[in-house]
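K.L.:
With the sequence up front, the predicted model follows.
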Amino acid sequence: MTDTPSATRRISPLSRRQRTRIIALAVPNLEEPYFAELTTLLARGAEARGLSILIQQTEGDHQREIDVANGVGLPETDGLIHIPRSLTVGDLTRRTDPGPLVLLGEHIAVSPFTHVSIDNRRTADLATAHLADAGCRRVAFLGPRVSRPSDAADQRFAGYRDAVSRLGLADDPELIVSVDAFTSEEGAAALGRLHSSGVAYDGVVCSNDSVAFGVLAALHERGRAVPSDVAVIGIDNVHAAQFSVPALSSVAPDDHGIVEAAFTELERQMAARPGADVPVRHIVVDATVIARASTAR
């Protein structure tokens with residue numbers, strides 16, 4: 001985990017009013033397994049600290065994310081953990097509720113607000129390098145998002161390109177297939193397009209585990225054995241990865257580190273004296289390849 005201090009910002013003094021012991025959590029979509037599992041860890045972290053957590057599902061909608069950042073429609077809380085998908089720095093600097101705030105994720109990479117992130121570029125580099133270590137030379141990437149852009153998707157695609165270039169893997173544009181969303185349905189459809197193109201491939205890096213589950217199913221339908229014909233790896237290491245057939249290799253971010261950092265930073269702001277300038281921090285957590293049967297060639 002790396003911690004980069006930057007500027008300072010002034011937060012509203014909680015000590016001037018009664019503490020609620022409630023924090024808000026804004027999450028894009030709880031149907032995505034990774035967000036559901038991270039929310040569970042955050043809820044447990046709140047409980048361990050004697051806090052209650054109020055969950056707001058934003059669906060990545062820009063106005064809804066702004067409203068949550070401003071406290072619109074919410075009861076009074078002690079702070080906010082926000083996982084934005086469309087919020088901008090400008091939106092945040094115009095906040096009408098300048099209370100304690102911690103951002104999670106890479107959507108807002110540089111801002112005057114503390115945030116905790118995964119190095120998505122590195123996670124995809126690790127995933128691609130793992131397939132190269134398993135003997136793959138024509139590695140496909142399923143996950144750029146064109147119609148519905150995603151900062152995480154962009155960074156993971158860049159990490160794949162880094163590894164392809166560094167390791168001398170096949171650099172073929174036909175090995176790159178976009179998706180509209182990080183879902184199993186999209187993964188299965190993308191693999192179908194890759195397979196129908198006739199391009200040769202012996203490995204697939206998936207933009208997340210949900211996409212990878214769809215890829216595993218689609219490969220099975222087409223009679224391609226995993227991992228002997230095609231090795232597959234995902235990113236996020238959701239709980240279900242160990243129970244897929246075959247069990248899915250994945251790159252695991254330090255989710256417990258994310259939770260610990262988020263609460264440490266939020267509580268630091270909550271405890272600041274009235275009028276204090278609190279240092280802004282950018283914290284990047286580690287990630288590790290978890291090798292399972294889907295890459296055991």
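P.N.:
All right, it came through fine.
K.L.:
According to the record, where do the domains of this structure fall?
P.N.:
Domain assignment of the chain by automatic domain parsing yields the ranges 2-117+253-286, 120-252+290-295.
K.L.:
The chain: strands as residue ranges?
P.N.:
Shown for the chain, the strands assigned by DSSP state E span residues 2-10, 22-27, 52-57, 79-82, 101-104, 115-118, 139-142, 176-177, 203-206, 231-235, 249-253, 277-285, 287-290.
K.L.:
Can you say which of those strands is nearest to residue 129?
P.N.:
Residue 129 lies closest, by C-beta to C-beta, to one member of these: strand 287-290, at 8.3 Å. Every C-beta, even on glycine, is put in place using the N, C-alpha and C of the backbone.
K.L.:
Which strands or helices does that closest one pack on?
P.N.:
For strand 287-290, the contact count by 3 or more C-beta pairs under 8 Å, 6 or more residues apart in numbering; DSSP states H and E identifies helix 120-133, strand 249-253 as packing neighbours.
K.L.:
now that strand: how far from the chain's centre is it?
P.N.:
Its chain's C-alpha centre and that of strand 287-290 lie 14 Å apart, by C-alpha atoms, centre = their mean, to the nearest Å.
K.L.:
Mind listing the strands that strand pairs with, and their directions?
P.N.:
strand 249-253 (antiparallel) (DSSP bridges).
K.L.:
which residues sit against the partner strand?
P.N.:
The contact list for strand 249-253 (C-beta atoms under 8 Å, 6 or more residues apart in numbering) reads 118, 123-124, 126-127, 130, 209, 212, 231-238, 241, 285-295.
K.L.:
how does it look with 6 Å?
P.N.:
Residues outside strand 249-253 that contact it (C-beta atoms under 6 Å, 6 or more residues apart in numbering) are 118, 123, 126-127, 209, 233-235, 237, 241, 285, 287-292, 294-295.
K.L.:
Give me the distance from it to the chain's centre.
P.N.:
Worked out by C-alpha atoms, centre = their mean, strand 249-253 lies 12 Å from the chain centre.
K.L.:
now that strand and strand 231-235, what's the angle there?
P.N.:
20 degrees (axes from the mean of the first three to the mean of the last three C-alpha atoms, to 10 degrees).
K.L.:
Could you pull up the mean pLDDT of stretch 79-93?
P.N.:
The average pLDDT for stretch 79-93 rounds to 91.
K.L.:
For it, buried residues please.
P.N.:
Buried residues in stretch 79-93, counted by 16 or more other C-beta atoms under 10 Å: 79, 80, 81, 82, 83, 84, 85, 86, 87, 91, 92.
K.L.:
picking that back up, the domains of the chain: lowest mean pLDDT?
P.N.:
Among the domains of the chain, domain 2-117+253-286 scores lowest, at a mean of 88.
K.L.:
ends of that domain, how far apart?
P.N.:
Separation of the first and last residues of domain 2-117+253-286 by C-alpha to C-alpha, to the nearest Å is 8 Å.
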